[in-house]
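# Generate coordinates for the sequence data below:
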Amino acid sequence: MANLFRDRRFLVLLALGFSAGVPLPLTAFTLRQWFSESGVSLTAIGLTALIGLAYAFKFLWSPVLDHAAPPAFRRLGRRRGWLASIQPLLALAILGLGFTDPVASAAVTVLVAVLVAFLSASQDIVVDAYRIEVLEETEQGYGLACYIWGYRGALLAANAGALAIATFAGWTAAFAYCAALIGIGFLAVLAGPEPAAPPVEVLPWSRRLKLAVVDPFVDFMGRRHWVAILAFVALFKLGEALAGIMTAPFYRELGFSRLEVAAVGSVFGLFMTLGGALAGGWVVARLGTARALVVTGLLQMLSNLMYVALAQAGYSPPMLWAQVGVENFTDGLADAAFVTYLSALTSRSFTATQYALLSSLAAVPLRTLGASSGWLAAGLGWSWFFGLTTLAALPAMGIMLYLLARLPPPPQPARIP
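Next up is the predicted model:
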């Protein structure tokens, strides 16, 4: 393994994962923290969920990035040429975001954030293709691990790091810092090898779209209970999404500082999520996918009650640690079981495509229904709102039990050596 990680391709993937992770908080938690400090209404903050629709629909323009020649840096090749074309624009968009003023014109800030999300989603498309093509099949696991660790590191840098810099130097400096971080990915593109382009049959765009999108969906819709499957995928994270969008203004209204939110919500929360994901893998192996999905789904639903407890406690750092720890750990647990079950639902003939499309479409209801979270929080108050987010998980739990009874996952050994 040591010799394997001396290969520059893995260092390149670590850096590209970092570059891919930087923009996400800037259109989500970090942006909402900025909005809440600027006095933007809860209803408007909730609508920022719509910014992330680019991540949900990125498969629509992926054929262009997959087959068209890059507009610049063509000497670097197709994959690196597209990355080198996108990343400077992404850095400039992030820098420009920091120069907007949510107080004077929140609409301009949102429009620039939409541009950041679009360029970020485009970068993701190319990075995923590069990662798959630059490695042999036996190296994919190590490559994905490098990408994930780079991505997680970027979430810390662009979330906790940006909040800390904003505390001491202001929001413009925080976004300039994040724009500079994209340079790590750009340097990796220049240093990395260009994967050999696989021989492909030249097909009309309409035929490629049919093969990539239509055929997998036609196959999926031929399965039993496919409507229930889509409903389950769409609703499983609804309660978490509604609560998560309002986290930044909620913490601020309770009186927690940027540094407290960065240390607890971002740093500690990330490690609890990773710990929950590891524990979730153990639970799936121990209980089997079906029982693990029921147990972890229930824990994920009940964890939202910790928000209610924090709302009742008010400004209480110990309660903040407890809420963040429980909520992030249970989310990691549930993610492990959910991904395992979702993978088992895909057809072997279209595994990658169906999983990618299901994952993308799963985000659409979260981004759209989640946009109402600010309006609900403003109308109900924090305790009732977070109580509602707990109840929002009940439909998915009911559909899950329905599916497990009719489409149980394949049996597996339920023991740990």
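
# In contact with residue 121, which residues?
The contact partners of residue 121, taken as CB atoms under 8 Å, 6 or more residues apart in numbering, are 54, 55, 58. Every residue, glycine included, has its C-beta placed from N, CA and C.

# pLDDT score for it?
Residue 121 is assigned a pLDDT of 90 by the prediction.

# Does residue 373 touch residue 239 like I think?
No: counting by CB atoms under 8 Å, residue 373 stays clear of residue 239, with 10.6 Å between them.

# can I assume residue 188 is in contact with residue 10?
No: Residue 188 is not in contact with residue 10 according to CB under 8 Å; the separation is 10.9 Å.

# More neighbours: those two, which one.
Legend: neighbour count by other CB atoms under 10 Å for residue 188 and residue 10, higher for residue 188 (24 against 19).

# Check which residues of the helix or strand harbouring that one are buried.
Element membership for residue 188 (DSSP states H and E) is helix 171-191. Neighbour-count burial for helix 171-191 flags 171-172, 174-179, 181-182, 184-186, 188-189 (criterion: 16 or more other CB atoms under 10 Å).

# How about stretch 391-408?
Neighbour counts over stretch 391-408 (16+ other CB under 10 Å) mark 392, 393, 395, 396, 397, 399, 400, 403, 404, 407 as buried.

# Tell me where the stretch 251-400 of the chain has helices.
Per DSSP state H, counting those that start in this stretch, the stretch 251-400 of the chain carries helices over the ranges 258-260, 269-287, 289-303, 305-313, 317-345, 351-369, 373-380, 382-391, 394-406.

# Against which helices or strands is the third one packed?
Read that as helix 289-303. Counting contacts by 3 or more CB pairs under 8 Å, 6 or more residues apart in numbering; DSSP states H and E, helix 289-303 is packed against helix 238-245, helix 269-287, helix 317-345, helix 394-406.

# Swap in 6 Å and give it another go.
Counting contacts by 3 or more CB pairs under 6 Å, 6 or more residues apart in numbering; DSSP states H and E, helix 289-303 packs against helix 317-345.

# now the second one
Helix 269-287 is packed against helix 317-345, with contacts defined by 3+ CB pairs under 6 Å, 6+ apart.

# and the helix it packs on, which residues are buried?
For helix 317-345, the neighbour count (16+ other CB under 10 Å) marks 319-321, 323-342, 345 as buried.

# And stretch 255-263, by the same measure?
So stretch 255-263, judged by 16+ other CB under 10 Å, has buried residues 256, 258, 260, 261, 262, 263.

# Give me the contacts around it.
Residues from elsewhere that reach stretch 255-263 (CB atoms under 6 Å, 6 or more residues apart in numbering): 160, 163, 164, 167, 251, 315.

# at 7 Å what do you get?
160, 163, 164, 166, 167, 251, 315, 317, 320 (CB atoms under 7 Å, 6 or more residues apart in numbering).
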